[in-house]
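**Student:** just coords:
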């Protein structure tokens with residue numbers, strides 16, 4: 001898929017190194033339990049690709065159209081862990097710091113929303129983030145999503161007390 005400035009595509013082996021670099025960046029991973037090691041990052045790519053094979057959609061690698069540079073991911077993933085609103089398909093994103101502040105997350109997420117409803121035939125998508133992640137919450141709001149405080153939860157994969 002393409003947007004005005006981005007190509008949203010399946011993953012390539014060449015994406016693994018910049019993806020691992022992004023996942024090792026403490027600022028990028030500030031709202032996650034910890035940065036990822038190279039092997040954890042590679043395992044994530046493998047899970048993403050299996051999700052594409054099973055569902056026909058997933059977390060697309062993002063490439064700048066003008067430069068061909070990998071800048072992160074945006075897409076759809078089935079979430080089934082224990083939470084009041086799950087199972088559901090989540091829309092999510094993660095971008096490398098040099099891509100922040102350019103509107104890429106919103107641009108790609110809008111295309112993922114279009115795909116979810118128009119091509120994948122989904123009836124609903126959700127999104128979630130840490131309470132303090134203002135950047136992601138802003139993207140959600142630009143997509144027209146609203147927060148339901150009744151759905152706030154402690155993520156079972158995050159240690160108790162982690163902000």
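**Tutor:** Cool, got the structure. Fair warning: this is a prediction, and the values are worked out from it, not measured in the lab.

**Student:** contacts and neighbour counts: CA atoms only from here.
**Tutor:** Fine.

**Student:** and the top strand by length along the chain, what's buried?
**Tutor:** In the chain, with assignment by DSSP state E, the single longest strand is strand 70-79. For strand 70-79, a neighbour-count test (16 or more other C-alpha atoms under 10 Å) marks 70-78 as buried.

**Student:** do the same with stretch 24-39
**Tutor:** Of all the residues in stretch 24-39, those buried under the rule 16+ other C-alpha under 10 Å are 24, 28-29, 31-32, 35-36, 38.

**Student:** where along the protein do the helices fall?
**Tutor:** Secondary structure of the chain (DSSP state H): helices located at 16-24, 38-55, 104-118, 134-142.

**Student:** each with direction, which strands does the longest strand of the chain pair with?
**Tutor:** Using DSSP bridges, strand 70-79 pairs in its sheet with strand 59-64 (antiparallel), strand 88-95 (antiparallel).

**Student:** related to what we said a few turns ago, any idea which of the buried residues of stretch 24-39 is closest to residue 137?
**Tutor:** residue 31 (12.0 Å; C-alpha to C-alpha).

**Student:** distance check, that closest one against residue 131.
**Tutor:** Per C-alpha to C-alpha, to the nearest Å, residue 31 is found 9 Å from residue 131.

**Student:** residues shared between the contacts of those two?
**Tutor:** residue 163 (C-alpha atoms under 8 Å, 6 or more residues apart in numbering).

**Student:** nearest to residue 83, of the helices of the chain?
**Tutor:** Comparing those by C-alpha to C-alpha, helix 134-142 comes nearest, at 18.6 Å.

**Student:** from the chain's centroid, how far away is the closest one?
**Tutor:** 13 Å (C-alpha atoms, centre = their mean, to the nearest Å).

**Student:** for that helix, name the packing helices and strands.
**Tutor:** In terms of contacts (3 or more C-alpha pairs under 8 Å, 6 or more residues apart in numbering; DSSP states H and E), helix 134-142 is packed against helix 104-118.

**Student:** switch to 10 Å and redo it
**Tutor:** In terms of contacts (3 or more C-alpha pairs under 10 Å, 6 or more residues apart in numbering; DSSP states H and E), helix 134-142 is packed against strand 88-95, helix 104-118.

**Student:** mind putting these into CSV with distance to residue 155?
**Tutor:** Formatted as CSV, these follow (distance: least, C-alpha to C-alpha, whole Å):
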stretch, distance to residue 155
strand 88-95, 14
helix 104-118, 23
